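**Student:** okay, here's the prediction I keep looking at, along with the sequence it came from:
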Amino acid sequence: MAKLPIALIQTRTPASPAAAFAHVEPLIREAAAGGAKLILTPEATNFLIKDPAGRAVALTAQDRDAVIAGLRALARELGVWLLIGSAIVKSGHQGDDRAANRSLLIDDAGAVVATYDKLHVYDVDLPTGERWRESAAIRPGDRAVVADTPWGRLGLTICYDIRFPHLYRALAKAGAGMISVPAAFTVPTGEAHWETLLRARAIETGCWVLAPAQAGLHEDGRRTWGRSTVVGPWGEVVAKLDHDEPGVLFATLDFDVVTRARNAVPQLTHDREFAGPA
Ligand SMILES: O=C(O)CNC(=O)[C@H](CS)NC(=O)CCC(=O)C(=O)O
């Protein structure tokens with residue numbers, strides 16, 4: 001199979017959608033100019049605020065969101081596939097005011113070909129005193145998604161999902177050769193867990209793991225870990241931005257490596273049913 005040149009975009013997304021688009025657009029152009037055919041952006045590409053429940057930004061529906069519309073036009077203009085790691089949009093569920101934290105896969109004609117709503121929401125109290133209640137603002141999704149691309153199947157996940165290995169196993173078993181993990185990781189958990197979790201999921205699944213990240217001190221005082229990373233199917237870090245500044249990370253995916261890793265250790269075919277623990 002042909003090799004796939006990709007790029008991960010590392011952003012420090014501002015709080016307003018217009019500023020968020022102005023921030024990400026030149027980075028995507030740089031990625032396309034560098035030859036990437038699939039470009040991935042982080043979680044919360046359309047705006048990033050500390051507390052989405054605080055709603056400084058009015059929610060829009062997916063098909064009315066100006067950032068999504070702008071990025072669809074850009075994908076078409078540049079002739080690239082684009083994963084909007086996530087956009088925070090109206091969930092579309094009646095009687096639930098919360099948003100969806102949604103990944104959107106855009107093809108090179110600008111069409112939305114797959115969407116995935118983040119399954120696991122981040123309700124966590126960190127030892128540093130940081131307190132997150134994502135469930136107050138975000139309605140979690142209820143289905144896993146793999147999408148077909150010209151280069152094989154892509155499994156879609158978001159940020160905190162990385163801590164739920166069974167989701168990744170299900171995606172690999174559904175034929176994914178690459179899995180996206182757009183993120184806005186906190187600094188304390190980024191430092192302690194980010195790279196290890198990404199490498200573990202790659203090793204367990206024999207998939208390419210593609211993790212574009214929010215980075216640095218955002219305008220509302222929130223800080224994210226950055227360190228966008230591409231991990232190969234054997235678990236090695238193939239490319240990484242070792243900092244928390246905005247930027248573009250290039251890599252070339254070879255899907256023969258997926259086959260080789262899975263032939264070497266056919267763990268995906270060795271699952272067993274088991275009783276208990278009692
Ligand atoms: O709220 C937004 O606008 C964007 N979404 C996020 O920042 C989300 C939910 S608060 N962050 C995480 O999932 C961090 C996970 C993490 O850091 C970990 O697993 O340790």
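**Tutor:** In hand now; what should we look at?
**Student:** over to the closest residue to the ligand within the stretch 101-250 of the chain. Which of the three states is it?
**Tutor:** Closest approach of the stretch 101-250 of the chain to the ligand (CB to the nearest ligand atom) occurs at residue 189, with a separation of 3.1 Å. Just so you know, the C-beta spots here come from the backbone N, C-alpha and C atoms, and that holds for glycine as well. Judged by DSSP: H, G, I helix; E, B strand; the rest coil, the three-state class of residue 189 is helix.
**Student:** tell me how far it lies from residue 225.
**Tutor:** With the distance defined as CB to CB, to the nearest Å, residue 189 ends up 8 Å from residue 225.
**Student:** per-residue confidence at residue 52?
**Tutor:** Predicted confidence (pLDDT) at residue 52: the value is 56.
**Student:** I should have written residue 148 there, sorry.
**Tutor:** So residue 148 comes in at 98 (pLDDT).
**Student:** what number of residues lie near it?
**Tutor:** As a burial measure, residue 148 scores 12 neighbours (other CB atoms under 10 Å).
**Student:** wait, what's in contact with it?
**Tutor:** When contacts are counted by CB atoms under 8 Å, 6 or more residues apart in numbering, residue 148 touches 113, 154.
**Student:** does it have beta-bridge partners, and which?
**Tutor:** residue 153 (DSSP bridges).
**Student:** how about the residues of the stretch 151-278 of the chain by the ligand?
**Tutor:** 159, 160, 163, 184, 185, 186, 189 (CB under 6 Å from any ligand atom).
**Student:** repeat the analysis, applying 5 Å as the threshold.
**Tutor:** Counting by CB under 5 Å from any ligand atom, the stretch 151-278 of the chain comes close to the ligand at 159, 160, 184, 185, 186, 189.
**Student:** can you pull the poorly scored residue ranges out of the chain?
**Tutor:** 1, 51-56 (pLDDT under 70).
**Student:** that one: helices as residue ranges?
**Tutor:** Applying DSSP state H to the chain gives helices spanning 17-33, 66-78, 165-173, 187-189, 195-205, 256-264.
**Student:** hey, which of those is tucked in deepest?
**Tutor:** Comparing the helices of the chain by mean neighbour count (mean count of other CB atoms under 10 Å), helix 195-205 ranks first with a mean of 20.
**Student:** contacts for it, please.
**Tutor:** 162-163, 165, 168-169, 171-172, 176, 179, 181, 207-209, 211, 227, 229, 231-237, 240, 267-268.
**Student:** buried subset of those as a PyMOL selection?
**Tutor:** Buried subset of the contacts of helix 195-205, written as a PyMOL selection, criterion 16 or more other CB atoms under 10 Å:
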select buried, resi 162+168+169+171+172+176+179+181+207+208+209+211+227+229+231+232+233+234+235+237+240
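**Student:** looking at the contacts of helix 195-205, which are in strands?
**Tutor:** Within the contacts of helix 195-205, residues falling in strands by DSSP state E are 176, 179, 208, 209, 211, 229, 231, 237, 240.
**Student:** how about the nearest residue to residue 67, chain neighbours excluded?
**Tutor:** Distances taken as CB to CB, 6 or more residues apart in numbering put residue 46 closest to residue 67, at 3.8 Å, once the chain neighbours are dropped.
**Student:** top strand in the protein by residue count?
**Tutor:** Assignment by DSSP E; longest strand in the chain turns out to be strand 81-90.
**Student:** tell me the angle it makes with helix 17-33.
**Tutor:** 170 degrees (axes from the mean of the first three to the mean of the last three CA atoms, to 10 degrees).
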